[in-house]
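J.: below: sequence and its predicted model.
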Amino acid sequence: MNPDKTALLIETIAGMLEGLGRVAVGASSPIPAAAALLARERGGGRPALSLLGSQAGSDMTDGGRELFDRAGQGRIDAFFLGGVQIDGGASINLVGTGPHPAASKRFPGSYGSAYLYFVVPRVILFRIEHTPRTLVRKVDFVSAPGTSPAGVYRPGGPYALVTGRCVFRFAPEARRFRLVSLHPGHDLDEVRTNTGFDFDCNEEPPVTPAPEPETLALIRGPVGEALAEVYPRFAAGLRDGN
Amino acid sequence: MNPDKTALLIETIAGMLEGLGRVAVGASSPIPAAAALLARERGGGRPALSLLGSQAGSDMTDGGRELFDRAGQGRIDAFFLGGVQIDGGASINLVGTGPHPAASKRFPGSYGSAYLYFVVPRVILFRIEHTPRTLVRKVDFVSAPGTSPAGVYRPGGPYALVTGRCVFRFAPEARRFRLVSLHPGHDLDEVRTNTGFDFDCNEEPPVTPAPEPETLALIRGPVGEALAEVYPRFAAGLRDGN
Amino acid sequence: MTETLSLDRLAGRVADGAVLALPPDYSFVPMAAVRALVRRPVRNLNLLTVPQAGIAADLLIGASCVATIETAAVSLGELGNAPRFTAAVEGGRLAIRESTCPAIHAALQAGEKGVPFMPLRGLIGSDLVAARPDWRVIDNPLADGGDPIVVLPALRPDVALFHAPFADEQGNVWLGARRELVTMAHAARETLVTVEEVRACDLLADDALAAGTLPALYVTALAEAPEGAWPLGLPGRYEADRDHLAEYARLAASEEGFAEYCAEHVDEDVTGLCAAE
Amino acid sequence: MTETLSLDRLAGRVADGAVLALPPDYSFVPMAAVRALVRRPVRNLNLLTVPQAGIAADLLIGASCVATIETAAVSLGELGNAPRFTAAVEGGRLAIRESTCPAIHAALQAGEKGVPFMPLRGLIGSDLVAARPDWRVIDNPLADGGDPIVVLPALRPDVALFHAPFADEQGNVWLGARRELVTMAHAARETLVTVEEVRACDLLADDALAAGTLPALYVTALAEAPEGAWPLGLPGRYEADRDHLAEYARLAASEEGFAEYCAEHVDEDVTGLCAAE
C-alpha cells in the first residue's frame, strides 16, 4: 500500500479514538496500533493503550484472560476487529466461507470477537480489502453479530468500518452502515460495485481528510519509533514514508 | 494442657493422615499442624502439607483462593475444622449461639467451612473442650452441615471428631458418631455426661494409644522445629516436653 | 493516571456509605489508612472483608464507621475474638452479611470477569444460604436435573484499599504472590493503595517483578505510608508488633478501653504524614 | 513428587486420545516436546488451545496426531493461515470445536475452581453457540427473567504441556506473568513441563520469584530442553527464529513439503537429549 494511503488510514482511525480513556489493539494490527499511538501522542498520553503482542506496550500481568476481564469490567473503550467477511448488519465472520464445519475455505477462527464485540463500547471494524468477497450481504458464519435483540446484555458494538476505499459509520437504530467519506481517488459507484451490502449515504459524500503535515511528522517520528518493537518492518516503512 | 495429652492428640490425629497425598492445615491450629508434620515425618515426605499462615510451609502463589480451588480440584485429602458447637450429625457452628443474627454470643464466622466440609474427603473435627456446651444435640447455626441429601455434590465430609476426652469416628450411613477410644484417664460415663448428643459405642471402648518413645522424639525434634516458624511458643513447649 | 496523595487525602477518597474491600490479616493490611479513615471520620461503610478480617475491621467498627459487613470471619487470631465486632453484632448495631471464604473469592472473580454471578459447590444445607437471600440455589443447567448448586451475585466493591511494599512512579504496585489483592483491585471500581515507598523504576519492565505487579490502570491513587501495616506485619518486610496487638485486644474489650486506645494510637497521626503534605 | 524425565519419556506420558492443553504462540510453547510427540508418534489427541495456537498445533495436525481440536483460532500470525490445520479442516479430517478466547479462559477457570460451569457475557447470536451444543443459553438466575446468558462447561484437560524458562529441584516452575499457564495447570489433571534449565534454588523461598512460580504440586513431570521453544521465541530469553518459521510456512503449504520439513527438523531429535538419558 502506498504511504499516503497508510497515513490516511492511520489518521482516520486515530480521529475515532480521540478523548477515549483506554484503547486495546490486538496482535497483527499495525495500522490500528499506529492509529492508537497517534491518538495517544496527540492526546498527551490519553487514550492509554494496551498493545497485544508487545512486551513494552502491554501492561498485563494476569495472563491471557486479562484483556477480556478488563473489557468485561468496562475498562476498554475501543478495540479493533477484522473479518474474512463483514456484512451489512455489521456481523463478522473470522471462521471460513461455505457451509460450516466443512468450510470450502477455512480461516483461523473467531479469536475473542464473539465476546469483545459485545462489551467494548466502540469497536472499529478494519478491513483494507473492499470487494464483494469481503463485504457481503450476509456472512456465511457469524463469529460475532453486529447487533443483538433487546434484552441481550450488550454495552458494546460496532462504531465504524474503515476499508481501503471509504469510511462507514454504523447506525445501531437502523442496523445499517452509512458511508461517511470516500478516500481520495475513490468514487461512490466504485464503492457500490465493490460492496455486497446496501448502505445509506448522501449523494455527494465528502472526501476522507488527508493528514496534516504535523500529523505526518508524528507518524514518521514518535509513532513509528513506538511501533518498531512489535512491527519492525512496518515501522521502518512508516519512517521512510513508504 | 499437659504435654502427655498434647502428644496423645498429635499422635491420634497423625494416625488418621497416614497414606494420604496432601493435607492442608488452617491458621491457628497448632495441634493439627503438629500431627500433619508428624505424619509427613513418618511417611518419608508424604502426605505433602500446606500450612496456612506459614511462609515456609505454604506453597500457594495464587492468593487466598488457591486453597479452596485446590480443594475443588480434589488435591486436598484432609483438612481440620473446629466448632463453637458440633452436633451429633456432625454439623458445625462457627458463627454464634442463640438466635441468628442477633446472636447471644457471637463468634468470628464460618471461614471456609461451608465449602471445604463438602469437598475435602477426610475432614477431621477437632475441639479440645468436650462439654455439653460444645458438643450439642443440634447446633444453633449450621455453618456447615455434617451430611447432605442424595443429589447434593459432596465428595467430602466428616471423618472423625477428636476432643480432649475421646475419639469419635463418623458413620456417614448412620449419620452418627461412634466413640472409638477414650483418652487415658477418661471414662464412658464422663463422656456421656459431657456430650450433648447420642452416639454409638462398644460397652468397653479401648484406650487411645499413647505415642511410642520414638514418636515423642520426633515430636520434640523435627516436628517442633518445623512448627517453630508459625507457632513459636507452642513449639517451644513441645520441645521442652511441657 | 494514578495520583499520588497524602495519607489523609487518600482516606478522603473513600466516600461515606461506600462498599469498601479490605484484605485479611495475613495479607497487606492498610492500617495507617484505616486510622486515617477513623480520624476523618468516615461513616456508614459497607465493609467487605476478603475474605476475613481482624484489627482493621474491628477498629472501624469500634469507631462507628461501619453500617454493614460482609465477611467469612472477623477475629484477632491467636488473640481471640475481635472485641468491637463481637460487641456490635451482639448489640444489634452491625448488620452482617454472613459469607464463607471461597464465596467471597468467587464473587469477586465474577466482578473481575464482568459476569453477573458465579456458581460454587458446597453451601447447600448451611444456614448461610438462608441468611443470604441474594444467593440462589439453582439446578445445574448442564446436568439433567437433580444437581443443585448455589450461584452468588458478582461483587464489585466501590473501593479496594490495601498496603503494599512498593510502587513505581507510574503507579504500578508490587503485590508479590498476594493475588487476592489483584482480584480485589480488578473487581473494584476504584483502588487506593498505601505503600512503604515509591521507587524510581518501571515494575513492568522487569520480568521477575512484573509477575507480582498490579498495573497502574487499576490504581486510582497512591499514598506513601512507611510502616503502613503496623501494628500488623508486612510479610517479608517487618514482623507484627505482638505486644501492641495484645494491648489492643486488652483495651478494646470495653468501650472505654477502646476510646483510650484510639486517643493514644489513632486520633493523632503518629506517622506525621498528613502534616508533611 | 515431581519426576524429572528425558524429553522423550516426558512425551511418553501423554496418552493416545488424551485431551492435551497447549499454550498460545505468545506464551511458553513446548516445541521440543511437540516434536517428541510427533516422533513417538502420539495418536488421536484432543487438542485444547489456550486459547489459540500456531505452529505447535499445526505440526501435530500435519503429523496425524490429532483427532479433534477445541480452539479460538489457529494461525501462523504474520506468516498467514496455519496450512496443515486449514487443509485438515477443509478436507474434513479434523473435528473442530469452535470457541472464542475468553470462553476457553473462563471454562478453564471453572475447571480450576471445581465448579461445573462458568457464565460468560457476549456469544448470544454468534454461530459458535449453535456449533457448541455443550454450551447452554440460560436465563440469568439472579435477574427477573429476560436476561439470557451463556454457560460453558468446565474444562479439565488430561494433560497441560508447556515450556518454561526454569524450574527448581523441587519441581517448582517459574512462569512469570504467563498466568494462562498457571490456570491451565490448576485445571489439568496432569501437567508436563519442559524447561531451559533446572536451578539449584527454592523458587518459593524468594518473594519476587514466588510471585511468578507454579508450585510443584501441580507439576507431574519435568524435562530439561534447552531452547525448548525453538523455533518460537521464549520472551525475555531468545527471539523467534523468523527464517525458520517462514520456511515452515512455505514447506507446510503442501503435504509433501510438510513431510520434507519433518524429515529434516522433527524425525531426528535435534536436541540429542533422549540419547543423553
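T.: Received the coordinates, thanks. All values reported here derive from a predicted model rather than from experimental measurement. Residues are numbered from 1 along each chain as shown, chains lettered A, B, ... in the order given.
J.: where in chain A is pLDDT low?
T.: Confidence mapping of chain A against pLDDT under 70 gives the ranges A:54-57, A:241-242.
J.: interface residues of it facing chain C?
T.: Taking C-beta under 8 Å from any C-beta of the partner chain as the measure of proximity, chain A contacts chain C at A:22, A:45, A:48, A:56, A:59-62, A:65, A:68-75, A:119. In this view, the C-beta of every residue, glycine as well, is placed from N, C-alpha and C.
J.: among the residues you listed, which ones lie close to chain D?
T.: Contacts with chain D are made by A:60-62, A:65, A:68, A:72, A:119 out of those, judged by C-beta under 8 Å from any C-beta.
J.: ok, the residues you listed vs chain B, which is closest?
T.: Proximity of these to chain B (C-beta to the nearest C-beta) peaks at A:Asp62, which lies at 10.8 Å.
J.: show me the contacts for the residue of chain A most remote from its centre.
T.: Distance to the chain centre peaks in chain A at A:Ala102, reaching 28.4 Å (criterion: C-alpha atoms, centre = their mean). A:Ala102 makes contacts with D:89-90, D:92, as judged by C-beta atoms under 8 Å, 6 or more residues apart in numbering or on different chains.
J.: at 10 Å what do you get?
T.: By C-beta atoms under 10 Å, 6 or more residues apart in numbering or on different chains, the contact set of A:Ala102 is A:96, D:89-92.
J.: same deal with C:Val50?
T.: For C:Val50, the contacting residues are B:63-65, C:21-24, C:27, C:70-72, C:101, C:104-105, C:108, C:155, C:157, C:160, C:162, C:180-181, C:183-184, C:187, by C-beta under 10 Å, 6+ apart.
J.: can you narrow those residues to ones near chain A?
T.: Among these, the residues within reach of chain A (C-beta under 10 Å from any C-beta of the partner chain) are C:183, C:187.
J.: of the contacts of C:Val50, which belong to strands?
T.: In strands, judged by DSSP state E, the following of the contacts of C:Val50 are found: C:21-22, C:70-71, C:160, C:162.
J.: quick one: buried ones out of the residues you listed?
T.: Buried members of the ones in strands among the contacts of C:Val50, counted by 16 or more other C-beta atoms under 10 Å in any protein chain shown: C:21-22, C:70-71, C:160, C:162.
J.: nearest to chain B among those?
T.: Chain B has its nearest neighbour among those in C:Thr71, at 5.8 Å by C-beta to the nearest C-beta.
J.: what's the burial count for the closest residue to that closest one other than its chain neighbours?
T.: In space, and not counting its chain neighbours, C:Thr71 is closest to C:Thr49: 4.2 Å by C-beta to C-beta, 6 or more residues apart in numbering or on different chains. For C:Thr49, the count of nearby residues is 25 (other C-beta atoms under 10 Å in any protein chain shown).
J.: so who does C:Thr49 touch?
T.: Listed by C-beta under 10 Å, 6+ apart, the contact partners of C:Thr49 are B:109, C:20-25, C:56-57, C:69-74, C:99, C:101, C:104.
J.: just the buried residues of the residues you listed.
T.: Buried members of the contacts of C:Thr49, scored by 16+ other C-beta under 10 Å, are B:109, C:20-25, C:56-57, C:69-74, C:99, C:101, C:104.
J.: and the ones next to chain D among the residues of chain A next to chain C as JSON lines, adding secondary structure and neighbour count?
T.: As requested, these are exported to JSON lines (DSSP: H, G, I helix; E, B strand; the rest coil; neighbours: other C-beta atoms under 10 Å in any protein chain shown):
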{"residue": "A:Met60", "secondary structure": "coil", "neighbour count": "20"}
{"residue": "A:Thr61", "secondary structure": "coil", "neighbour count": "24"}
{"residue": "A:Asp62", "secondary structure": "coil", "neighbour count": "21"}
{"residue": "A:Arg65", "secondary structure": "coil", "neighbour count": "24"}
{"residue": "A:Phe68", "secondary structure": "helix", "neighbour count": "26"}
{"residue": "A:Gly72", "secondary structure": "helix", "neighbour count": "29"}
{"residue": "A:Val119", "secondary structure": "helix", "neighbour count": "24"}
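J.: which two of those have the greatest separation?
T.: A:Thr61 and A:Val119 (20.9 Å; C-beta to C-beta).
J.: contact partners for C:Asp267?
T.: When contacts are counted by C-beta under 10 Å, 6+ apart, C:Asp267 touches C:35, C:38-39, C:63, C:259, C:261.
J.: mind putting the ones in strands among the contacts of C:Val50 into a markdown table with pLDDT?
T.: Formatted as a markdown table, the ones in strands among the contacts of C:Val50 follow (pLDDT from 0 to 100):
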| residue | pLDDT |
| --- | --- |
| C:Ala21 | 98 |
| C:Leu22 | 98 |
| C:Glu70 | 98 |
| C:Thr71 | 98 |
| C:Ala160 | 98 |
| C:Phe162 | 98 |
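J.: show me where the chain has its helices.
T.: Reading this off chain A. A:3-15, A:30-42, A:66-73, A:113-119, A:188-194, A:213-218, A:224-227, A:232-240 (DSSP state H).
J.: hm, I was asking about chain C
T.: Assigned by DSSP H, chain C shows helices spanning C:7-12, C:31-39, C:55-62, C:83-90, C:101-113, C:127-131, C:179-187, C:207-210, C:242-251, C:255-265.
J.: so which elements touch the fourth one?
T.: The contact analysis (3 or more C-beta pairs under 10 Å, 6 or more residues apart in numbering or on different chains; DSSP states H and E) places helix C:83-90 against strand B:96-97, strand B:105-106, helix C:55-62, strand C:66-71, strand C:73-74, strand C:95-98, helix C:242-251, helix C:255-265.
J.: what about the nearest residue to C:Ile69 once chain neighbours are set aside, neighbour count?
T.: Excluding the flanking residues, the one nearest C:Ile69 by C-beta to C-beta, 6+ apart is C:Leu47, at 4.4 Å. Applying other C-beta under 10 Å, we find 27 residues neighbouring C:Leu47.
J.: next up, the contacts around the nearest residue to C:Leu204 once chain neighbours are set aside.
T.: Computed as C-beta to C-beta, 6+ apart, the closest residue to C:Leu204 that is not its neighbour in sequence is C:Ala210, at 5.0 Å. By C-beta under 10 Å, 6+ apart, the contact set of C:Ala210 is A:55, A:58-61, C:172, C:174, C:202-204, D:176-177, D:211-212, D:236.
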